[in-house]
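**Q** Turn this into a model:
(one chain, ligands or ions: 1)
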Amino acid sequence: MTISWRIQQILKGGFQGAKGASAMCVALVLGAAACAPAESGLGALQEAISSGQCPVESDQVGSFLPSLPAQRTVTVSVDARFSTAEKAAISDALSQWNRWSSDSVGREFFEQTTASIDSDFFPSESANPCDFAVPGGDGDFAIVRVTDEALWSDLSLTSANPAATLRCRQGDSLTRQVLMIRSDLVRSEQWMSVVLHELGHVVGLDHSCNLGAGTDDFGSCTGLDSDHPYRAAVMYPKLSVGSLSTGRGLEVKESLQENDRLRAACLYGGAL
Ligand SMILES: [Zn+2]
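**A** Reported below is the predicted structural model:
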């Protein structure tokens, strides 16, 4: 049995710093080849791409991850420790994706519930990061409030990463995932933007472009104009916090953009 996992995250950008490539694949467990560049098992999607039903540009063909595993609404356990305002932002982001999926795919992706989550949901001595203890299985997942810096560094994340989604898969299928949010690293104005982005990973979208050098089927973000669809997308890998002294340049993306909707429709066979 081979289980592999990867971290999907969002970077804070802007004048504050947040330099360096994102650690998209921080480790691999149980002996699989390291960091496979492209996800496989997306046969229907590949067919849709080659037949022209999914009109993504060639440099986004590799920007997809395994989708939610079941043709049903998945239960999202939201950590009870989030504040009221934080929970409201999470609800708004879940609703935004539900509106899209309802309109395009004919079902709501998410049903929200609240859960008590153990602060030690990651066993500290486990070699397998997919060995976590949060409610859900079979496609369900949790949104967890994380304050433990050690956990963050164990996952090769830094203070430039306010949130991350850990996705575990077996073969071509998603087996488990968990969305982790560092409340202390997310600015209140950007809560919904951050959650909306992470939920994009939860449903199976990789970034709109690659912060690194890029490949033919997953293009680099470098050199994109400010109004380029990949740059405008919620799934762009960075969100600027702007100037800490003036607040200018603080980015907020609270609604799905054209490129986000296009790729989600490709992945789920929904209406464009
Ligand atoms: Zn991300």
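
**Q** what residue ranges in this protein score low on pLDDT?
**A** The model of the chain has pLDDT under 70 over residues 1-5, 9-43.

**Q** how about the helices of it, start to end?
**A** Applying DSSP state H to the chain gives helices spanning 43-50, 84-104, 149-154, 191-203, 229-232, 258-268.

**Q** taking those helices together, which one is wrapped up most tightly?
**A** Highest mean neighbour count among those (mean count of other Cβ atoms under 10 Å): helix 191-203, with a mean of 24. Every C-beta, even on glycine, is put in place using the N, C-alpha and C of the backbone.

**Q** what separates that one from the chain centre, distance-wise?
**A** When C-alpha coordinates are averaged (Cα atoms, centre = their mean, to the nearest Å), helix 191-203 and its chain have centres 6 Å apart.

**Q** Which elements pack onto that helix?
**A** Using 3 or more Cβ pairs under 8 Å, 6 or more residues apart in numbering; DSSP states H and E, the elements in contact with helix 191-203 are strand 3-13, helix 84-104, strand 163-170, strand 173-182, strand 238-240, helix 258-268.

**Q** is the ion contacted by that helix?
**A** No: judged by Cβ under 5 Å from the ion, helix 191-203 makes no contact with the ion; its nearest approach is 5.6 Å.

**Q** and the angle for that helix with strand 163-170?
**A** 10 degrees (axes from the mean of the first three to the mean of the last three Cα atoms, to 10 degrees).

**Q** Can you name the residue of the stretch 51-200 of the chain nearest to the ion?
**A** Of all residues in the stretch 51-200 of the chain, H197 sits closest to the ion, at 5.6 Å by Cβ to the ion.

**Q** Who are the contact partners of that residue?
**A** 10, 163, 234-235, 239, 253 (Cβ atoms under 8 Å, 6 or more residues apart in numbering).

**Q** Contacts only, for the residue most central in space within the chain.
**A** With distances taken as Cα atoms, centre = their mean, the residue of the chain nearest its centroid is H201 (2.6 Å). Taking Cβ under 8 Å, 6+ apart as the criterion, H201 is in contact with 8, 65, 165, 167, 179.

**Q** Check the gap between it and P55 for me.
**A** Distance of H201 to P55, given as Cβ to Cβ, to the nearest Å: 22 Å.

**Q** hmm, back to that, do you know which of the helices and strands packed on helix 191-203 lies nearest S193?
**A** strand 238-240 (5.9 Å; Cβ to Cβ).

**Q** Who does that closest one pair with, and is each partner parallel or antiparallel?
**A** Strands flanking strand 238-240 in the sheet, each with its direction: strand 3-13 (parallel) (DSSP bridges).

**Q** what residues are up against the residue nearest to A70 when sequence neighbours are not counted?
**A** Once flanking residues are discounted, A70 sits nearest to G139: 4.6 Å by Cβ to Cβ, 6 or more residues apart in numbering. Taking Cβ under 8 Å, 6+ apart, we find G139 in contact with 68-70, 72, 74, 174.

**Q** For the residues you listed, name the two members farthest from one another.
**A** R72 and L174 (13.8 Å).

**Q** more crowded one of those two?
**A** Each of R72 and L174 has its neighbours counted (other Cβ atoms under 10 Å); L174 has more, 21 against 14.

**Q** what about the closest residue to that one other than its chain neighbours, how many neighbours?
**A** Counting by Cβ to Cβ, 6+ apart, L174 lies nearest to P66, which is 4.2 Å off, once chain neighbours are set aside. Neighbours of P66 under the rule other Cβ under 10 Å: 20.

**Q** same question, L185
**A** L185 has 20 nearby residues by other Cβ under 10 Å.

**Q** Setting the sequence-adjacent residues aside, check what's closest to it.
**A** P162 (4.1 Å).

**Q** and that neighbour, backbone torsions?
**A** Per-residue torsions, P162: phi -80, psi -20 (degrees, to the nearest 10).

**Q** State whether it and S193 are indeed in contact, as I suppose.
**A** No: with contact defined as Cβ atoms under 8 Å, P162 does not reach S193; the gap is 10.0 Å.
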